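**Q** Need coordinates for the following:
(one chain, ligands or ions: 3)
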Amino acid sequence: MNVFGISKPITEIDAQALAVAVFKDDKADSGVLKNLDAAVGGMISDVMKSEEFAAKEGETVYFHVSGEKLKARRLLLIGCGERDAYKAAQITQMGGSAARVLRSKNAKTVAIVPRAGDDAARTAQNVIVGAIMGLFEPDKYRTKDKEERELKSVTVVVEGADKRALQRGADRGQIIGESINFTRDLANEPGGYMTPTIMADRAKTVAKEFGLEIDVLDQKQMEKLGMGALLGVARGSDEPPKLIVMKYQPSRFRRKGDLLALVGKGITFDSGGISLKPGENMELMKYDMSGAATVIGTMRAIAQLKPSIAVLGVAPCSENLPSGKATKPGDILKAMTGKTIEVINTDAEGRLVLADAIAYAKKLGATRIIDMATLTGAVSIALGDVNTAILGTDQNLIDGVIDAGKGVGEKFWQLPLDDDYTKQIKSDIADIKNVGGKKAGTITAAAFLKEFAEETPWAHLDIAGTAWGDPATPYRSKGPTGVAVRTLIEFIERAAR
Ligand code: BES
Ligand code: ZN
Ligand code: ZN
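**A** Ligands and ions are numbered 1, 2, ... in the order given. Alright, predicted model coming up:
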């Protein structure tokens with residue numbers, strides 16, 4: 001698909017269909033809508049008068065155009081709610097709704113008028129990210145009733161804006177949107193098609209295509225390094241674990257010596273292990289590698305956007321299955337740092353693989369660490385599917401991620417991580433245990449990780465509630481959301497400025 005940014009008047013846009021943002025306080029007889037209303041013979045005033053369309057968020061209305069007032073032959077109005085609340089998230093969603101609806105009408109060339117002009121490049125970026133995300137379908141394995149329609153081009157129109165800046169924004173949006181969809185595609189793959197070995201192969205393909213360093217550690221190398229926590233999770237599975245390590249090196253450094261590490265949980269299927277999960281909804285546990293997919297997707301974008309800081313991507317990948325060899329509740333594992341862990345529940349496996357991955361990131365010289373993981377069911381109880389939980393040891397880093405999220409329209413909510421919570425993971429027979437009891441499950445999981453991040457500035461994102469979207473919305477299909485990829489890209493680019 002081609003993306004463009006152009007600054008022509010909307011009456012002259014040469015596309016099959018035009019999508020225009022509309023706000024609650026818009027009137028059909030003034031501003032942009034006035035021209036459009038004339039082009040559709042007054043039908044916009046009609047649908048507004050009849051209250052068929054009130055420009056609420058997500059509402060749409062579709063017209064065929066006749067006459068010569070508009071070059072485009074079809075027009076889609078997209079409700080965007082209150083003008084004051086129209087920020088990155090809403091602009092991105094508008095782009096998603098426009099692309100999805102117009103694809104369903106079999107349009108091939110689409111122009112979108114976002115009507116947010118203060119930073120035209122940024123607006124174009126957000127619209128294109130939204131449009132590309134909106135077009136993602138998780139139906140790859142359908143042989144019938146598959147979404148076969150494809151848009152050929154999406155053009156963002158900001159009248160009077162600098163054309164070069166607009167095009168740059170659109171191009172950046174394409175890189176980011178495609179990288180988010182790459183992450184979603186990985187997360188959507190069933191466990192049988194996305195084993196640790198296949199994950200590593202996909203990461204290698206990305207590294208080769210976009211020019212990243214890559215190293216994949218196998219079981220033997222993990223044994224040598226003493227990664228007993230990661231290996232303890234993998235024991236029950238016939239599929240060998242992989243530790244994927246990707247590195248982006250800028251050609252010019254902003255600050256030499258700085259190395260930001262992204263670490264993502266890559267459990268390609270989480271059955272719970274010997275502490276077997278209930279069968280209901282277990283199929284969803286294919287997305288338990290979303291953290292790792294986020295790392296690979298972010299690295300994929302970073303390799304193309306080329307910020308001036310070095311970024312390390314670490315993804316510990318394993319299955320979590322029961323078998324005669326599997327780790328049992330009560331077993332003790334020795335992590336790479338030498339810490340001993342009593343395994344109370346084999347279903348709390350994410351923190352185990354992350355423990356060794358965080359330690360390894362530090363060994364490779366990470367000066368700041370952000371990890372992301374579908375770590376706890378408890379986070380959905382606390383924050384639902386709206387906010388991603390963020391916790392950590394470095395308030396600067398945490399604030400940086402939250403702010404970057406605001407910039408691109410993703411929400412994060414900080415939970416506390418006082419030392420008091422660490423009491424809950426004290427073990428009677430080892431240094432720590434992998435479960436902290438019923439209370440504050442998301443926090444005690446983070447308290448466990450903190451034991452391995454130690455003094456290195458660290459933030460943790462629990463994406464268990466936000467990495468899967470259900471039900472579908474007008475701007476997004478049901479399934480993997482690719483949450484945090486665009487925030488991390490934004491965070492990295494800000495850190496490089
Ligand atoms: N992968 C799960 C967490 C999860 C649950 C992600 C639901 C997405 C949706 C994780 O490995 C897990 O099972 N955590 C346990 C921890 C408990 C045993 C302390 C949980 O949250 O129940
Ligand atoms: Zn689990
Ligand atoms: Zn898990």
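**Q** Identify the residues contacting residue 420.
**A** By C-beta atoms under 8 Å, 6 or more residues apart in numbering, the contact set of residue 420 is empty. Placement of C-beta: from N, CA and C, glycine included.
**Q** So residue 245 is in contact with residue 212, correct?
**A** No. Between residue 245 and residue 212 there is no contact under C-beta atoms under 8 Å: 10.2 Å.
**Q** which ones are touching residue 201?
**A** The contact partners of residue 201, taken as C-beta under 8 Å, 6+ apart, number zero.
**Q** what about the host helix or strand of it, distance to the chain center?
**A** Assessed by DSSP states H and E, residue 201 sits inside helix 196-210. Remark: helix 196-210 is offset 18 Å from the chain centroid, using C-alpha atoms, centre = their mean, to the nearest Å.
**Q** Thought residue 412 was touching residue 405, still the case?
**A** Yes. Using C-beta under 8 Å, residue 405 is in contact with residue 412, at 4.8 Å.
**Q** Report how many residues lie close to residue 32.
**A** Using other C-beta atoms under 10 Å as the criterion, residue 32 is surrounded by 15 other residues.
**Q** Let me fix that, I meant to ask about residue 229.
**A** Count around residue 229 with other C-beta under 10 Å applied: 30.
**Q** Report the contact partners of it.
**A** 333, 334, 335, 336, 341, 352, 353, 355, 356.
**Q** Could you do residue 259 as well?
**A** 310, 311, 312, 364, 365, 366, 367, 368.
**Q** Could you tell me how many residues sit around the second one?
**A** This points to residue 311. Residue 311: 26 neighbours (other C-beta under 10 Å).
**Q** Spell out which parts of this structure neighbour ligand 3.
**A** Within the chain, the positions lying close to ligand 3 (C-beta under 5 Å from the ion) are 267, 270, 288, 350.
**Q** Touching, the last one and residue 377? I think so.
**A** No. Between residue 350 and residue 377 there is no contact under C-beta under 8 Å: 11.2 Å.
**Q** how many other residues sit next to the closest residue to residue 153 other than its chain neighbours?
**A** Excluding the flanking residues, the one nearest residue 153 by C-beta to C-beta, 6 or more residues apart in numbering is residue 2, at 4.3 Å. For residue 2, the neighbour count with other C-beta under 10 Å is 11.
**Q** Tell me how far residue 2 lies from residue 327.
**A** 51 Å (C-beta to C-beta, to the nearest Å).
**Q** which residue ranges form the helices in the stretch 301-450 of the chain?
**A** 350-363, 378-383, 395-408, 441-453 (DSSP state H, counting those that start in this stretch).
**Q** ok, is the last one in contact with ligand 2 or not?
**A** When you say that, I think you mean helix 441-453. No. Figure legend: helix 441-453 not in contact with ligand 2 (C-beta under 5 Å from the ion); closest approach 10.4 Å.
**Q** Check the shortest one too.
**A** No. Applying C-beta under 5 Å from the ion, one finds that helix 378-383 is not in contact with ligand 2, the shortest distance being 11.9 Å.
**Q** Against which helices or strands is that helix packed?
**A** Contact here means 3 or more C-beta pairs under 8 Å, 6 or more residues apart in numbering; DSSP states H and E; on that basis helix 378-383 packs against strand 388-392, helix 441-453.
**Q** Adding distance to residue 9 and mean neighbour count as columns, could you present those in JSON lines?
**A** JSON lines is the format used below for the helices and strands packed on helix 378-383 (distance: least, C-beta to C-beta, whole Å; neighbours: other C-beta atoms under 10 Å):
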{"stretch": "strand 388-392", "distance to residue 9": "40", "mean neighbour count": "25"}
{"stretch": "helix 441-453", "distance to residue 9": "51", "mean neighbour count": "25"}
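**Q** Using CSV, lay out the ones you listed together with mean pLDDT.
**A** Shown next, in CSV, are the helices and strands packed on helix 378-383 (pLDDT from 0 to 100):
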stretch, mean pLDDT
strand 388-392, 99
helix 441-453, 99
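**Q** quick one: which of the ones you listed is nearest residue 495?
**A** strand 388-392 (15.4 Å; C-beta to C-beta).
**Q** For residue 371, see how far away the nearest residue to residue 337 once chain neighbours are set aside is.
**A** Of all residues not flanking residue 337 in the chain, residue 359 sits nearest, at 4.9 Å (C-beta to C-beta, 6+ apart). Relative to residue 371, residue 359 is positioned 12 Å away (C-beta to C-beta).
**Q** Same check on residue 232?
**A** Using C-beta to C-beta, residue 232 is found at 19 Å from residue 371.
**Q** just residue 128 next, same as before
**A** 29 Å.
**Q** same deal with residue 412?
**A** As judged by C-beta to C-beta, residue 412 and residue 371 stand 14 Å apart.
**Q** Those two: who's more crowded?
**A** residue 371 (29 against 22).
**Q** List the residues that contact the more buried one.
**A** With contacts defined as C-beta under 8 Å, 6+ apart, residue 371 is in contact with 262-265, 291, 354, 357-358, 449, 458-461.
**Q** separation between residue 218 and ligand 2?
**A** 23 Å (C-beta to the ion, to the nearest Å).
**Q** and what of residue 309?
**A** As judged by C-beta to the ion, residue 309 and ligand 2 stand 33 Å apart.
**Q** Pull the number of nearby residues for that residue.
**A** Residue 309 has 21 neighbours, counted by other C-beta under 10 Å.
**Q** Report the contact partners of the residue nearest to it when sequence neighbours are not counted.
**A** Closest residue in space to residue 309, ignoring its immediate chain neighbours: residue 496 at 4.5 Å, by C-beta to C-beta, 6+ apart. When the contact criterion is C-beta under 8 Å, 6+ apart, the partners of residue 496 are 250, 254, 307, 308, 309.
**Q** one more time with 7 Å
**A** Residue 496 sits next to 254, 307, 308, 309 when contact means C-beta atoms under 7 Å, 6 or more residues apart in numbering.
**Q** swap in residue 12?
**A** Here residue 12 is in contact with residue 71 (C-beta under 7 Å, 6+ apart).
**Q** pLDDT at it, what is it?
**A** With respect to pLDDT, residue 12 scores 93.
**Q** And the one 10 residues further on, by the same measure?
**A** The predicted structure scores residue 22 at 98 on the pLDDT scale.
**Q** Kindly report the same for residue 114.
**A** For residue 114, the model assigns a pLDDT of 98.
**Q** Tell me, how many residues neighbour it?
**A** Residue 114: 26 surrounding residues under other C-beta under 10 Å.
**Q** Quickly note the distance from it to residue 216.
**A** Using C-beta to C-beta, residue 114 is found at 41 Å from residue 216.
**Q** Now do the residue of the stretch 251-400 of the chain found nearest ligand 3 against residue 491, distance only.
**A** Nearest to ligand 3, among the residues of the stretch 251-400 of the chain, is residue 270, at 3.7 Å (C-beta to the ion). Distance of residue 270 to residue 491, given as C-beta to C-beta: 27 Å.
**Q** returning to what we had before: dump the residues of the chain next to ligand 3 to a markdown table, plus secondary structure and pLDDT.
**A** What follows is the residues of the chain next to ligand 3, written out as a markdown table (DSSP: H, G, I helix; E, B strand; the rest coil; pLDDT from 0 to 100):
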| residue | secondary structure | pLDDT |
| --- | --- | --- |
| 267 | strand | 99 |
| 270 | strand | 99 |
| 288 | helix | 99 |
| 350 | helix | 99 |
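**Q** which of those tops the neighbour count?
**A** residue 267 (30 neighbours).
**Q** Quick check: that one touching residue 348?
**A** No. Under the criterion of C-beta atoms under 7 Å, residue 267 makes no contact with residue 348, lying 11.2 Å away.
**Q** Those residues of the protein touching ligand 2, which are they?
**A** So the chain meets ligand 2 at 270, 347, 349 (C-beta under 5 Å from the ion).
**Q** Appreciated, that's everything.
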